[in-house]
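# sequence first, predicted model second:
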Amino acid sequence: MLRARASNVWGVPSGRLPPVRARQKTRKRSPNPLTTTYNPPRVRWVRFDPTPSALDLAANFKRLTLPSAKQPKPKSKRIPNPPNNEAVAIVHEEGGQEPQADSLEPYESITGDIQSATVEGLKPRYRRRRARYLRRRRQLQKAPSPHPPSPTRALRDYLAAINGFPRNPRVLSRYLSKTSDRLPVLTATALLKQRLAQGNMAPYELELMDHVVDDEKWAPRMRKREIRGISEDDINHWAWILSAETADLAIQRCISDPRLKPPFVLCLLVGGERTIKDPEGFCSFLRYIRKHYIAVPREPDGLSGFDLTWNHFRRLLGHIVDQCLSSWPALLPSVARLAASFIEGLPQQMMSSSALHRHATQFRAFNTCLQLLGSPADVYPLKGMINNWQAQKILLDMASRLQLSITREGYRSVRRVLVALPKSTAERDITERAAVTWPPFRQDFDGRDEQRRPEDSLSFAAKVGVLKREAGYPDDHFDRTVDTLAGSVMGRAPTIQSRFLVPPPWQGKRASQNIDMEWAAKVKTTRNAREAWQMFSSTPLPGVKPSAEVYAAMFEKLFAVKEPLWSRILPGEANSTFPVYDRNLSALEIARITPPTPEELYRMMIFSGVKPTGELLIVLLRHASSKEVALQYLADSPYRDHVQLLQGTTFKSPDCVDLLPALPVRVFYAWIFMLCNTQTKPRRRARYHFASNQVKEAMRLATEYQLWATGLEIIDKAPWYIIMEYLAGRGNLYSEEGAKYNTLVTLNLFMFHWQRTADLKGIDSKLFELLCVVLRKALRLSTWQSTSGEIALRVMPVDRNGRVTRLLLDGFLKLRATFRILTRPIQGLDESEGASEPIVYPYRITSKHLGLYMRVLGTIGDGKEMVRLMRWILEAWDCNYVLEDARQPGELAHDDMVRTFRYFSRMGMHLIEPTVMQDLEEELAKFKWEKNCTWVSPIDQHDAHDDEVDLDLGAGDCWQHVKEMIYEREGEDTQERQLDEAKSGELAEG
C-alpha cells in the first residue's frame, strides 16, 4: 500500500512518502491570533489504492485545496462518512474509482483550508480557531471596531449634534442606562437635565432622556463622587460650560471661574467641531491652563486636584495645535512656551516616580511636542512655517537646558520645517553659484569663494541631517528625500535646494513607497523640464518603474510657469522653470534629451499601467484644459463612478449621498479649481443660463459636497477660497442684461460668499486679501472701459439703482473692520508665569496684504486711512514677529514694502493735506536714519504721475460719494460705541 502526503495547504507535495504518524494524545495550546499568524491545520494521511485517480489526487493536491484566480477550481465531492463519523476524504471526479470507506483510516481533521470550510462542518475547537483567525484578519484589514466609543467621545458627538454637525448622539444612551459614575457620563446626564428644563430639546434628546436614571439611582452615584471631592454643583457647572452656544462663550465661561475642571472638559472646549474665533480668549485659555494646572504647587504625594498628566496634556496639546494651525499660526510660539512649562514641571508632578522614569517621560514629551509643532498651517502653509520654526526653537532651547536628546522622528520634524523655510542670504549665494549644467556643482566667482570650505555649501537642513547621523540614526529613503530637497550633501551629487512641504514618511506595509518619494524629490529639485526628464529617466534601483508620485512630479515640471532669464526669483523658491542651457549640443542631441509633452507623457503612463490617483490626479485636474479632458482623467482613475455625476450640471441628492462623500477631499478641491479655471466667456447674444456657468456649477457642487460630508470638511473654507480667488482675479460672471453689469453680478455674488465664509470659521488674512483685490477690481471696471485697445473713462459709472454703491459701501466697511481685527495686538505667553507677557499679532500680515490695502485705499481716495496704515507700518518695524521676512534688502517681500512706500508718496501728493504730508515725510526721514529702516525711499516730483496713479485717481473722483458715506457710517458707529460704554459704566457704578 502506498501513502500520499501533503505538508500543509501552503506547501508543495513531497515525493518522499514517510510512514504514517500516530495521532498525538496531548492537545497543543492554540497560538494567540493577536501576536502570531494563524496556520491552518495539517492534512491527515489517507490510505488508498494506487489507482490513477488516487495518484492524480496526490499530484494535484495543492491545486485542489488552493485554486488560483486564473485556474478554475476542479469539482470535488464529499464522501459520505461511515457509521462512526470519523473518516473524510476528497476525491477527484475526472475519472478513476472512488475508494471504499473501509480502506480509510480514522480521521478527525477536515481536509483543506479551514477558511474555506463551512462552519457547520467544524468541530467546536475549530470553530473557535476559525473565529480567532477571522478576528485577526479584520484587525489586519483595519476593519471598524465593534466596540462603542469612549464616554468622552460619545459626549463629544452629542455636543456636535446639538450644534448641527452630522454625528450620532444616540451612542450616549449606552452609558446613560448604566450605573457608571464616570465624570463624562455624569456631565452628560446633567446637561440633558438642563436642556430639558430649558425646553429646547431635539427628538433624539427625548430618546436619550428615556435612558437617564431616576433620582434614586442618581443619589448613590453622586455620593461616591462626593467622597472624592466632586459635588453635584461642580458637575452642573461643567455642563453649563459645555452648553454654551459658541466655542468662544464656552471658553469665557471656563476661565471666569478659578475652580479646576477635569481634563475631558478642557479637551472638549478646544477639540470639538466648533471653531474658536476670538484669539484673545484663546490666549486667555492658555494662560488659565498654565496658571491652574502647570504652575500650581504640588502636594508631597505629587497630586493636586485634577492632575494634568502627560497623557491628558498630549491630547489637549494636539487640539490646541490644531486650532492654531486652522486660524492663528502666529500663536504657535505661545503654545510652545506652554509645552515647555509643562515639560519642565514634570519632575515635580511625578515626585513619587524614580528619577529615571521622570527623565524618560520628559524625553518622550519633548519629542512628541516637537513633532506636533512641525505640522503646516491650513492657510499659507509655506509662509507660515516661520512660526513653526520659532516654536520649535523654544523647545530646542528648553531641551538644551534639561539635556534631552532628540529622536529620529524629532530630527525629521525639524528638517521638514527647515526645508519649507525661505532661503537665507548664505543659501541664496549658494544657489546663485550653481553651475548651469547638471549636476549643479558650486562655482567659485572670486577669491573668497575659493577659501570657503565644503561645509559652507551646506544648507541649514543639510547640517541638521549631519547632526542626525552623528546621533546614531542612519539614513533611509525618507532621510535621503529630505537631503535631496535640502540641496548639496557631502558625498552625493548636488541638487537645487527647493522649498517644499515634505509629507510624513510611509510606515508599515507601504514603507517601500519612500523609494518613490526620493525619486520624485530628485525630479522636483531641478531647474527646468529637461533636467527633470533626465532625473525621471534615471531609476534608483534596477527594474523599478516610476509610480504615480514620480509621474506627478514630472507633470508639475511640464505644467510649471516659465520664468524669464532676467527674473529675480532663484531656482527652488517657486514652482516654476527656468531657461535651458543648450551649450554646444547638436540638434539631434537636443531632440534626444527633450522631454515629452504632457499629452505624450500621459499616454506613456497609461500604456505602462499607471492610473492617475492621489497627487497625480490632483495635478492633472488642476491643469486640465477643459472639463472634457478632466472627465477623461477621472475615467482612467479609480473614481470612474463619479464621471456620470460630475459631467452634468445638476446634482441629485441620492447620487450625492453615495458618490460625493467617497471622493477624496483634495481631489474634489482640484475639480472645483478646474471648473473655475476653464470657465469661458459665453457666445455673443446668447442667453446666459444659470446651468451654463461653470463657476456657479462649482458653487452648487461645493454646497452639495459639504451638505453630505461627514467630517470636518463640512466647515472647510478651501473650496470657497478657490471660487472667490477666481471672482476676485481674472474671473467675471456674465449678466443677462449686458456686459456693463458683469461687475455688479460678480461683486454681489462675491460679497455673499465672503460673508458666509467669514461667519462659518471666522476672519483670516486670506479673506482680507481677497476683499482688497475684488474691491479695487470693481472700482476700476466700473469707472474705466477698454475701447480699441485704449483705456477710456466711462461716460457714466455703472451703478444700477445704487446697487454698486451699496455693495462698495458694505465692502469697504467690512474691509476696514477686518483690518482692525487683523492688526489688534494681544498678550501671548512668556517663558515663565508672572513675567511680562509679550505682545503678539495672532494673524499673519505680510507685505503683500499691506500693499493691497494701501492701493485699494488710494483707489477710493481715502487719504486718512492711508495715513493710519502708514503709522501702523512704522510701529511694526519695532516688532520682531511682524514683517520679519521683509527687513532684508534683496528679498521679494522687501521690494513689496518699498513699492508700497513709493505708492503712498505718489498718492499722498493728491489725497493728503500738504501740512500733514510734510510732517509725515519728515517723520519718515527721521525714522530712516534713527532706526535704519530700509523701506523708505525718496520720490522725485516727476514720478508723481504714472498710469497706476492716474487710474486710481480717476476711480476715486467718480466714487467720492462712497468715501463720504464711509466716513458718515463710521461716525455713527463711533457715537454708538461711546454711548454703550457710557451706559456700561453707569451700570457698573450702580
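Yep, that arrived.
# measure how buried P889 is and give me the count.
10 (other C-beta atoms under 10 Å). The C-beta positions use only the backbone N, C-alpha and C, and glycine is treated the same way.
# nope, D479 is what I was after
21.
# tell me the pLDDT of it.
pLDDT, D479: 92.
# which ones are touching it?
412, 465, 468, 473 (C-beta atoms under 8 Å, 6 or more residues apart in numbering).
# and of those, the nearest to R855?
R412 (41.9 Å; C-beta to C-beta).
# quick check: the closest one touching V482?
Yes. Counting by C-beta atoms under 8 Å, R412 does reach V482; the two are 7.3 Å apart.
# which one of those two is surrounded by more residues?
Between R412 and V482, counted using other C-beta under 10 Å, V482 has the larger neighbour count: 27 against 24.
# ok, now how distant is the more buried one from L570?
20 Å (C-beta to C-beta, to the nearest Å).
# R290 now?
From R290 to L570 the distance is 42 Å (C-beta to C-beta).
# likewise for L396?
L396 is 28 Å from L570, by C-beta to C-beta.
# again with R415
Taking C-beta to C-beta, one finds R415 at 21 Å from L570.
# and those two? which has more neighbours close in?
Counting neighbours by other C-beta under 10 Å for R415 and for L570 shows that R415 has the greater number, 26 against 19.
# A helix includes the more buried one, no?
Yes. R415: assigned to a helix according to DSSP: H, G, I helix; E, B strand; the rest coil.
# start at 211, not 1
Sure, I'll start counting at 211 from here, so that last one is R625.
# residues contacting it?
671, 674-675, 678, 692, 696, 712.
# in helices, which of those residues fall?
Counting by DSSP state H, these place 671, 674-675, 678, 692, 696 in helices.
# nearest to L401, of these?
V692 (47.6 Å).
# in stretch 422-433, what's buried?
422-423, 428, 431-432 (16 or more other C-beta atoms under 10 Å).
# using PDB, write out every CA atom in that stretch.
Provided in PDB are the C-alpha atoms of stretch 422-433 (Å, rounded to 0.1, in the frame of the first residue of the first chain):
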ATOM      1  CA  VAL A 422     -31.400  58.700  32.100                       C
ATOM      2  CA  VAL A 423     -31.500  57.100  35.600                       C
ATOM      3  CA  ASP A 424     -34.000  58.400  38.200                       C
ATOM      4  CA  ASP A 425     -33.200  60.300  41.300                       C
ATOM      5  CA  GLU A 426     -33.000  57.100  43.400                       C
ATOM      6  CA  LYS A 427     -30.100  55.700  41.400                       C
ATOM      7  CA  TRP A 428     -28.600  59.200  40.900                       C
ATOM      8  CA  ALA A 429     -28.000  59.900  44.600                       C
ATOM      9  CA  PRO A 430     -25.700  56.900  45.200                       C
ATOM     10  CA  ARG A 431     -23.600  57.800  42.300                       C
ATOM     11  CA  MET A 432     -23.200  61.300  43.500                       C
ATOM     12  CA  ARG A 433     -22.200  60.100  47.000                       C
END
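# what comes into contact with it?
386-387, 389-391, 396, 399, 402-403, 441-442.
# need the max-distance pair from the contacts of R625.
Farthest pair in those, by C-beta to C-beta: K678 and V712, 14.4 Å.
# tell me which element the most centrally placed residue in the chain falls in.
Note on the chain: the residue nearest the mean C-alpha position is D588, at 5.8 Å, using C-alpha atoms, centre = their mean. Using DSSP states H and E, no element contains D588; it sits outside every helix and strand.
# which strand or helix spans the closest residue to it other than its chain neighbours?
Using C-beta to C-beta, 6 or more residues apart in numbering and skipping the chain neighbours, the partner closest in space to D588 is S536 (5.2 Å). Using DSSP H and E, S536 sits within helix 520-537.
# other SSEs contacting the helix or strand following that helix?
The C-terminal neighbour of helix 520-537 among helices and strands, as given by DSSP H and E, is helix 542-554. Applying 3 or more C-beta pairs under 8 Å, 6 or more residues apart in numbering; DSSP states H and E, we find helix 542-554 packed against helix 489-499, helix 520-537, helix 565-582, helix 595-612.
# so which elements touch the last one?
Okay, so that is helix 595-612. Using 3+ C-beta pairs under 8 Å, 6+ apart: helix 595-612 touches helix 542-554, helix 565-582, helix 618-629.
# next, the angle helix 520-537 makes with it.
150 degrees (axes from the mean of the first three to the mean of the last three C-alpha atoms, to 10 degrees).
# quick check: mean pLDDT of helix 595-612?
93.
# pass me the low-pLDDT residue ranges in the stretch 211-360 of the chain, would you?
211-357 (pLDDT under 70).
# surely Y915 touches F878?
Yes. Counting by C-beta under 8 Å, Y915 does reach F878; the two are 5.9 Å apart.
# are any of the contacts of R625 buried, and which?
671, 674-675, 678, 692, 696, 712.
# which stretches in the stretch 961-1110 of the chain count as helices?
Counting by DSSP state H, counting those that start in this stretch, the segments of the stretch 961-1110 of the chain that form helices are 975-993, 1013-1032, 1057-1070, 1073-1086, 1102-1121.
# for those, which one sits closest to Q653?
Using C-beta to C-beta, the helices of the stretch 961-1110 of the chain put helix 1102-1121 closest to Q653, at 24.2 Å.
# I'd like the distance from that closest one to the chain centre, please.
Mean-position distance between helix 1102-1121 and its chain equals 35 Å (C-alpha atoms, centre = their mean, to the nearest Å).
# what residues sit buried inside the helix or strand just after that helix?
Moving toward the C-terminus from helix 1102-1121, the next helix or strand (DSSP H and E) is helix 1124-1141. Using 16+ other C-beta under 10 Å as the test for burial, helix 1124-1141 gives 1127, 1130, 1134.
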